[in-house]
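Undergrad: Requesting a structural model of the entry that follows:
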Amino acid sequence: MDIGIGLPNTVPGTEGAALTDWARRAEDAGFSTLGTIGRLVYPTFDELIALAAAAAVTSRIRLTTSVLLAPLHSNTALLAKQAASLDRLSGGRLVLGLGLGGRDDDFAAAGVPTKGKGHRLEEQLAEMKEIWSGRPYGDGGAIGPKPVREGGPELILGGSAEASFDRVARLADGWIMGGGTPEMFAQAAAAVDAAWQKAGRDGRPRKLTLAYFALGPDARAQADAYLLHYYGFLGDMAQQIAASAAINTEMVKAYAAAFESSGCDELIFVPTSSDPEQIRLLAEAIA
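TA: Now for the predicted structure:
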């Protein structure tokens, strides 16, 4: 199983220099990917822009939106162009993870309805694939640049419902769980595999998940301060999310072992702080 690390693009107070320094250090530490979390109404860096900054200072590490909330983007052609641009500029390192989102304020701020977002995502996927195929759109020809990989960047979709698993099997390369236990992952992963086989797909879908972490002497306070604020809209459930953060080496190792046993291909540990010391501590914990 690969171990990735999140960019602190959602941690309030993170500056641009800290973001690019984090990306360099994460690549040097040997992590498989840099992941970003998507949300609109919060003081976050946009995922594609954050990963573009990371791409400019790295050369190997994958760049994963885990996940970008596609239905918030009303201009699909522009989204396809932005994704293809990042993919091309990074030498084909983009993994485009897409999800539906569940916060009404994000949709209200974007001026798009929440109703029908699953259908909207499917329309977006079809349109983006058309664009990435090089189809002419006007006097200038195709909407470029052409992604490095034929057919477009690797597509990973989130979701925990049967319709989401079916969407993965028909339209994507893999699936990502946005949070939960290894037992929850194993159950959903089996459903994803079943949908994949039912759709007659060759090979197997790549399966990823996320887990929050905070390490060091103030780990518990650090995790609580960030996660209780970020997930405050969920009420009491925010406490459960904060409590699940890996706050010591033993928890990091236990999560990694349990998710690997559950069939996970890549586990992305998401930071609750932009202190670069967190990178070293996580690398040591999984060594």
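
Undergrad: alpha carbons only for contacts and neighbour counts from here, please
TA: Fine.

Undergrad: which residues are contacting the helix or strand of the chain with the lowest mean pLDDT?
TA: When the helices and strands of the chain are compared on mean pLDDT, DSSP states H and E, strand 136-138 comes out lowest with a mean of 92. Contacts with strand 136-138, where a contact means Cα atoms under 8 Å, 6 or more residues apart in numbering, come from 142-143.

Undergrad: and it, which strands flank it?
TA: Here strand 136-138 is paired, per DSSP bridges, with strand 141-142 (antiparallel).

Undergrad: Can you name the element that comes right after the partner strand?
TA: Of the helices and strands lying after strand 141-142 in sequence (DSSP states H and E), the nearest is strand 154-157.

Undergrad: And the contacts of the following helix or strand past that following strand?
TA: Going down the chain from strand 154-157, the next helix or strand is helix 162-171, by DSSP H and E. Outside helix 162-171, the residues that touch it by Cα under 8 Å, 6+ apart are 122, 125, 156-159, 174-175, 191-192, 195-197, 199, 201, 205.

Undergrad: Which helix or strand contains residue 124?
TA: Assigned by DSSP H and E, residue 124 falls within helix 117-132.

Undergrad: What helices and strands are in contact with that helix?
TA: helix 76-89, helix 162-171 (3 or more Cα pairs under 8 Å, 6 or more residues apart in numbering; DSSP states H and E).

Undergrad: Centroid-nearest residue for this structure?
TA: In the chain, the residue lying closest to the centroid (Cα atoms, centre = their mean) is residue 66, at 0.6 Å.

Undergrad: I'd like to know which of the contacts of helix 162-171 are buried.
TA: 122, 125, 156-159, 174-175, 191-192, 195-196, 205 (16 or more other Cα atoms under 10 Å).

Undergrad: ok, so of the contacts of helix 162-171, who is nearest residue 17?
TA: residue 156 (28.5 Å; Cα to Cα).

Undergrad: Who does the closest one form a beta bridge with?
TA: For residue 156, the beta-bridge partners are residue 97, residue 174 (DSSP bridges).

Undergrad: Isn't it up against residue 173?
TA: Yes. Using Cα atoms under 8 Å, residue 156 is in contact with residue 173, at 5.8 Å.

Undergrad: intersection of neighbour lists for these two?
TA: Listed as contacting both residue 156 and residue 173 by Cα under 8 Å, 6+ apart are residue 206.

Undergrad: tell me which of the contacts of helix 162-171 is nearest to residue 34?
TA: Among the contacts of helix 162-171, residue 156 lies closest to residue 34 (Cα to Cα), at 14.5 Å.

Undergrad: and residue 181, how many neighbours?
TA: As a burial measure, residue 181 scores 16 neighbours (other Cα atoms under 10 Å).

Undergrad: can you tell me how far it sits from residue 21?
TA: From residue 181 over to residue 21 the distance is 31 Å, taken as Cα to Cα, to the nearest Å.

Undergrad: do the same with residue 156
TA: Distance of residue 156 to residue 21, computed by Cα to Cα: 26 Å.

Undergrad: Then residue 117?
TA: From residue 117 to residue 21 the distance is 36 Å (Cα to Cα).

Undergrad: for residue 60, same thing?
TA: Residue 60 is 15 Å from residue 21, by Cα to Cα.

Undergrad: Tell me which of these two has more neighbours.
TA: For residue 60 and residue 21, the more surrounded residue by other Cα under 10 Å is residue 60, and the numbers stand at 16 against 13.

Undergrad: Correct me if wrong: the more buried one contacts residue 28.
TA: No. In this structure, residue 60 is not within contact of residue 28 by Cα under 8 Å, at 9.5 Å.

Undergrad: What is the burial count for the residue nearest to residue 142 when sequence neighbours are not counted?
TA: Sequence neighbours aside, residue 136 is the residue nearest to residue 142 in space, at 4.2 Å (criterion: Cα to Cα, 6 or more residues apart in numbering). Counted by other Cα under 10 Å, the residues lying close to residue 136 total 13.
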